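Engineer: Build the 3D model from these lines:
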Amino acid sequence: MQRRGTFNGLAMAAPSFTAFAMALVAVAGSARSAPDSAGESAMSVPASALWANACTYCHDTGVAPPIFGRGLRPETIAAVVRNGLNGMPAFHPSEISDERLALFADWVARQPGAIAKP
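Structural biologist: You can find the predicted model right below:
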């Protein structure tokens, strides 16, 4: 099921929950490796892998606003992921547990912003 939302006044279809769930399954099925950043050790799937498989399509391509380096609080990030906002779908506890979401939101909040090009 795809939901529609808006971003900067443009109508757009939000990625389906199925796509997110498939990304989680694909990442979870991969071999576990050492965490690539502090705070990922408690997650069986590294936060960076969740980001790469579920978030980059919109947040790293200009479809949705960039998130890294904005000084957002982990609680704010978790609330938007859990409840959705505008064109972003909500991700329910059946898709990502509260514990994993808290760890993921903390990781996202700590990421530096993009380096400006000269």
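
Engineer: alpha carbons only for contacts and neighbour counts from here, please
Structural biologist: Noted.

Engineer: residue ranges of the strands in this protein, please?
Structural biologist: 4-7, 10-13 (DSSP state E).

Engineer: Could you tell me the average pLDDT over the last one, please?
Structural biologist: If I follow you right, that is strand 10-13. For strand 10-13, mean pLDDT rounds to 41.

Engineer: try the first one
Structural biologist: Computed over strand 4-7, the mean pLDDT rounds to 42.

Engineer: ok, now stretch 78-90?
Structural biologist: For stretch 78-90, mean pLDDT rounds to 95.

Engineer: For that stretch, buried residues please.
Structural biologist: 78-82, 87-90 (16 or more other C-alpha atoms under 10 Å).

Engineer: Next step: these restricted to helices.
Structural biologist: Assigned to helices by DSSP state H, the following of those qualify: 78-82.

Engineer: was I right about Cys58 contacting Ala52?
Structural biologist: No: using C-alpha atoms under 8 Å, Cys58 is not in contact with Ala52; the gap is 10.5 Å.

Engineer: Would you map the helices across the protein?
Structural biologist: Counting by DSSP H, the helices of the chain are 17-29, 47-54, 56-59, 74-83, 98-110.

Engineer: Deepest-packed of these, please.
Structural biologist: Stretch with highest mean neighbour count among those: helix 98-110 (a mean of 20; mean count of other C-alpha atoms under 10 Å).

Engineer: tell me what that helix is packed against?
Structural biologist: Packing contacts for helix 98-110, counted by 3 or more C-alpha pairs under 8 Å, 6 or more residues apart in numbering; DSSP states H and E, involve helix 47-54, helix 74-83.

Engineer: now for the helices of the chain, which one comes closest to Phe68?
Structural biologist: helix 98-110 (6.5 Å; C-alpha to C-alpha).

Engineer: Measure how that closest one sits relative to helix 47-54, angle-wise.
Structural biologist: 90 degrees (axes from the mean of the first three to the mean of the last three C-alpha atoms, to 10 degrees).

Engineer: Closest one to Trp107 out of the buried residues of stretch 78-90, please.
Structural biologist: Ala78 (10.9 Å).
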